[in-house]
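Visitor: need a structure here:
(one chain, ligands or ions: 1)
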Amino acid sequence: MVLCPVIGKLQHKHVVLASASPRRQEILSNAGLRFEVVPSRFKEKLHKASFATPYAYAVETAKQKALEVAGRMHQKDLRAPDVVIGADTIVAVGATILEKPVDKQDAYRMLSRLNGKEHSVFTGVAIVHCCSKDGRLDTEVSEFYEETTVTFSELSEELLWEYINSGEPMDKAGGYGIQALGGMLVENVHGDFLNVVGFPLNHFCKELARLYYPPRPEGLRRVKHDSIPAVDTFENLSDTEGGGSDPGPSAEGGRGGEEADGDRSQAPGALDAALNGAESRPPFPTGLLELMDGFKASKVLFTACKLKLFDVLKDQGPLKAVDVARKLDACAGGTEQLLDVCVALGLLEKTHRGYSNTAVTTLHLVSDAEHSLLGLAEYNDAHVWGVFTRLGLAVREGAGQARGALGVTEEEEHLSQSREMTLQFMRAMHSLSKLTAHHVATAFDLSRFTSACDLGGCTGILARELAREYPHLQVTVFDLPEVIELSGGFQRGGRQTERIRFVPGDFFKDNLPEADLYVLSRILQDWPDDRLHKLLSRISSGCKPALRKTTPVPDLLFRTKARARAESMRAVLQEVTVWPPPSWGPVSCSRDLFPGPVRPSTTAAPPLGSEPCKLRRAPPSGVPKRPFLFFFFFYLNLCILFLEYSCFTMLY
Ligand SMILES: O=c1[nH]cc([C@@H]2O[C@H](COP(=O)(O)OP(=O)(O)OP(=O)(O)O)[C@@H](O)[C@H]2O)c(=O)[nH]1
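Guide: Model (predicted):
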């Protein structure tokens, strides 16, 4: 089903997108267009000074990209596709054109030019209709451009370099990606957002409508000025065009135009019916459909990780599908499909040289990357996936499903916890903590504490970060004996630094190490309320009495979120500090730790009469200071935590 009937017009045609840009592929496939991707080999080296305007340059480049692909495909098979789409996005500061940066310095130069100012983003688009006759290629080119103006905030050098070092700018016009981290640099956008991302979908649909539905006779015209084609185009939704290569639209009244007119003149009554139907149609439930299919995307990611696809591409890419298949010892067809889905999901890039990792993949899905999340992917695939398939049972029975997923009884459970499973869990926590630990450790000013105990501290990543950040803090990592035994394998420079010690024990049974700050990071969601009450009461009595009586500063309990992004993490902590709602469980501060029964995630903190810990620093300048974003982050995280808490307490 496609929302836009003009897109449906292309449904039975062989459409080629002459672009390697994953963003363009995503925008067009999200719009329901089916197409083949054949990246253009046209070198973007037109002489800029010879164009009167920056957009003329972008349009010409887009046209040359599309024509190169049409010509190459025609030469190869003596049969061109029906339609080739080319696009080119540039940033213009006055008359100066910025394309993709060639290196970090170049990215810095570009971003500095844009800093604190307004600029234009132009995307030129060419739609080339092809026709192969007697071995000859005929083309008919429609072209247009779209302009969007973007204003950057005043950004510090530090932030620019942090952004450049994220790797994001390198394949983006002007050196930023508005759809991702680069969005934080942008204060204002005027015009079509998707145009900045790389493809002006709205203008494209209008152009198709113009091409495929030439103006109709006055009497029959319905007036609706809208981005998506004029409503008088709805009558022809079900037409079945052959896959021929004759150009659909034609200024002289080509096939597409004749069809449309023919239908119109036949059935104006049917047109009205169709129109009424169209108007009463409900809004397209995009979010819902994404939820329906979200699990497929996760499984694709897990499968690619399991096959070590990203490692292969990191070391040897770009590679063609057959070569990847050989290296993975997998079927060529299946591998190609997996690779293409990864491209669609933005995990890989595809060019004529083959498939290669994207910047994010290189950072997080390669085994030996500093911030690899492979451990988390492996654990979610091997364990969490199975448990979540039993969610229905959990709801019906009101019982945890972890054992069921393993296929073991309560008695066998302990035995089934193999060393490998423990390691798998530790790898997951380790990789996630590496991302979040610094942000957790620096979110609050903890300098007044002299000893901290990280309960369930696993491999000690947060402990290290706390010790690094607070030179007077002694940190104890307290975890199960089997975890402590294995944690040595995760330490690069030796497990024990002077101020960190690892203590084995069970926090439900054994004496807790003394400390004046206890940290519960990703712990609370794992247990039912009665156990949590027990744990929190034990912490309360273990807390140094002197400190409890005298300090005006709250002890602090906090736990991190599963998908805490750095910015949102800080924003949430800030939000909580500024406005601690009583119902907020995830990050809670209190002076006396839980004197009475508590329900950690819902009524965790007793009245917060005590002064909460102050945020140590202001949010980084990259975090927008606008209140709505704070609220967005706040609610986003609240939702994630609620979901996590509910699911975990139900399933485990
Ligand atoms: O905010 C954003 N701005 C721009 C982009 C991406 O930048 C590139 C622009 O480069 P170009 O138009 O030359 O396209 P290529 O990626 O080289 O692919 P072709 O094969 O079509 O030449 C484009 O990918 C935009 O999507 C962005 O992502 N965000």
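Visitor: got any ranges where the stretch 451-600 of the chain has weak pLDDT?
Guide: Where the stretch 451-600 of the chain drops to pLDDT under 70, the residues are 492-496, 525, 542-600.
Visitor: And the residue of the stretch 201-350 of the chain closest to the ligand?
Guide: The nearest approach of the stretch 201-350 of the chain to the ligand comes at residue 349, 8.7 Å away (C-beta to the nearest ligand atom). For the C-beta atoms, the positions are set from N, CA and C on the backbone; glycine is no exception.
Visitor: near the ligand, which residues of the protein?
Guide: Residues of the chain lying close to the ligand (C-beta under 6 Å from any ligand atom) are 19-21, 23-24, 39-40, 44, 65, 87-89, 100, 171-173, 176-179, 182, 196-198.
Visitor: Just the helices from the stretch 51-200 of the chain, written as ranges.
Guide: 54-77, 104-114, 157-165, 193-197 (DSSP state H, counting those that start in this stretch).
Visitor: Mind putting the ones you listed into TSV with distance to residue 403 and mean neighbour count?
Guide: Output for the helices of the stretch 51-200 of the chain, formatted as TSV (distance: least, C-beta to C-beta, whole Å; neighbours: other C-beta atoms under 10 Å):
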stretch	distance to residue 403	mean neighbour count
helix 54-77	56	21
helix 104-114	51	18
helix 157-165	45	16
helix 193-197	46	25
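Visitor: does residue 349 count as helix, strand or coil?
Guide: strand (DSSP: H, G, I helix; E, B strand; the rest coil).
Visitor: I'd assumed residue 22 was in contact with it.
Guide: Yes - under the criterion of C-beta atoms under 8 Å, residue 349 makes contact with residue 22 at 5.8 Å.
Visitor: any common contacting residues for the two?
Guide: Residues within reach of residue 349 and of residue 22 at once, by C-beta atoms under 8 Å, 6 or more residues apart in numbering, are 343, 358.
Visitor: So what does residue 508 have for phi and psi?
Guide: Backbone torsions of residue 508, given as degrees, to the nearest 10, read phi -90, psi -20.
Visitor: Over to residue 490?
Guide: Main-chain dihedrals, residue 490, degrees, to the nearest 10: phi -100, psi -10.
Visitor: so who does the residue lying closest to residue 21 once chain neighbours are set aside touch?
Guide: Spatial nearest neighbour of residue 21, excluding adjacent residues (C-beta to C-beta, 6 or more residues apart in numbering): residue 198 at 5.2 Å. Contacts for residue 198 (C-beta under 8 Å, 6+ apart) come out as 21, 23-24, 27, 87, 89, 123, 173.
Visitor: now do residue 144
Guide: Residue 144 makes contact with 59, 124-125, 203, 207 under the criterion C-beta under 8 Å, 6+ apart.
Visitor: Now with 7 Å, please.
Guide: Counting by C-beta atoms under 7 Å, 6 or more residues apart in numbering, residue 144 touches 125, 203, 207.
Visitor: repeat for residue 473
Guide: With C-beta under 7 Å, 6+ apart, residue 473 has these contacts: 449-450, 452, 466-467, 499.
Visitor: Among those, name the ones in strands.
Guide: residue 452 (DSSP state E).
Visitor: As TSV, the contacts of residue 473 with neighbour count would be great.
Guide: As requested, the contacts of residue 473 are exported to TSV (neighbours: other C-beta atoms under 10 Å):
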residue	neighbour count
449	23
450	14
452	27
466	27
467	20
499	19
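Visitor: any idea which of the contacts of residue 473 is closest to the ligand?
Guide: Distance to the ligand, by C-beta to the nearest ligand atom, is smallest for residue 466 among the contacts of residue 473, at 37.0 Å.
Visitor: Quick check: the closest one touching residue 475?
Guide: Yes - using C-beta atoms under 7 Å, residue 466 makes contact with residue 475 at a distance of 5.2 Å.
Visitor: Overlap of the contact sets of these two?
Guide: With C-beta under 7 Å, 6+ apart as the test, residue 466 and residue 475 both reach residue 452.
Visitor: What distance do you get for whatever residue of the stretch 151-300 of the chain ends up closest to the ligand to residue 65?
Guide: Nearest residue of the stretch 151-300 of the chain to the ligand, counting by C-beta to the nearest ligand atom: residue 198, 2.6 Å away. Distance check for residue 198 against residue 65: by C-beta to C-beta, to the nearest Å, it reads 13 Å.
Visitor: list the contacts for residue 393?
Guide: With C-beta under 7 Å, 6+ apart, residue 393 has these contacts: 401, 404.
Visitor: pull the CA atoms of stretch 75-82 into CSV?
Guide: Extracted as CSV, the C-alpha positions of stretch 75-82 are listed here (Å, rounded to 0.1, in the frame of the first residue of the first chain):
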residue,chain,number,x,y,z
GLN,A,75,25.3,-0.7,-22.4
LYS,A,76,25.4,-3.8,-20.2
ASP,A,77,22.0,-5.3,-21.1
LEU,A,78,21.0,-3.2,-24.1
ARG,A,79,18.0,-2.5,-22.0
ALA,A,80,17.8,0.5,-19.7
PRO,A,81,15.5,0.7,-16.7
ASP,A,82,12.3,2.6,-17.1
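Visitor: start the count at 49, not 1, going forward
Guide: With 49 as the first residue, the last one maps to stretch 123-130.
Visitor: ok, so what distance separates residue 122 from residue 182?
Guide: Distance from residue 122 to residue 182, by C-beta to C-beta: 12 Å.
Visitor: mind listing what's buried in the helix or strand encompassing residue 372?
Guide: In this structure, residue 372 sits in helix 369-376 according to DSSP states H and E. Neighbour counts over helix 369-376 (16 or more other C-beta atoms under 10 Å) mark 369, 371-373, 375-376 as buried.
Visitor: contacting residues for residue 113?
Guide: So residue 113 contacts 66, 88, 90, 134, 136 (C-beta under 7 Å, 6+ apart).
Visitor: picking that back up, inside helices: which ones of the contacts of residue 521?
Guide: 514-515 (DSSP state H).
Visitor: The residue of the stretch 399-548 of the chain found nearest the ligand: neighbour count?
Guide: Ranked by C-beta to the nearest ligand atom, the top residue of the stretch 399-548 of the chain for proximity to the ligand is residue 399, at 7.4 Å. Around residue 399 there are 13 other residues, counting by other C-beta atoms under 10 Å.
Visitor: That one against residue 68, yeah?
Guide: Yes - using C-beta under 7 Å, residue 399 is in contact with residue 68, at 4.5 Å.
Visitor: shared neighbours, these two?
Guide: By C-beta under 7 Å, 6+ apart, the residues touching both residue 399 and residue 68 are residue 87.
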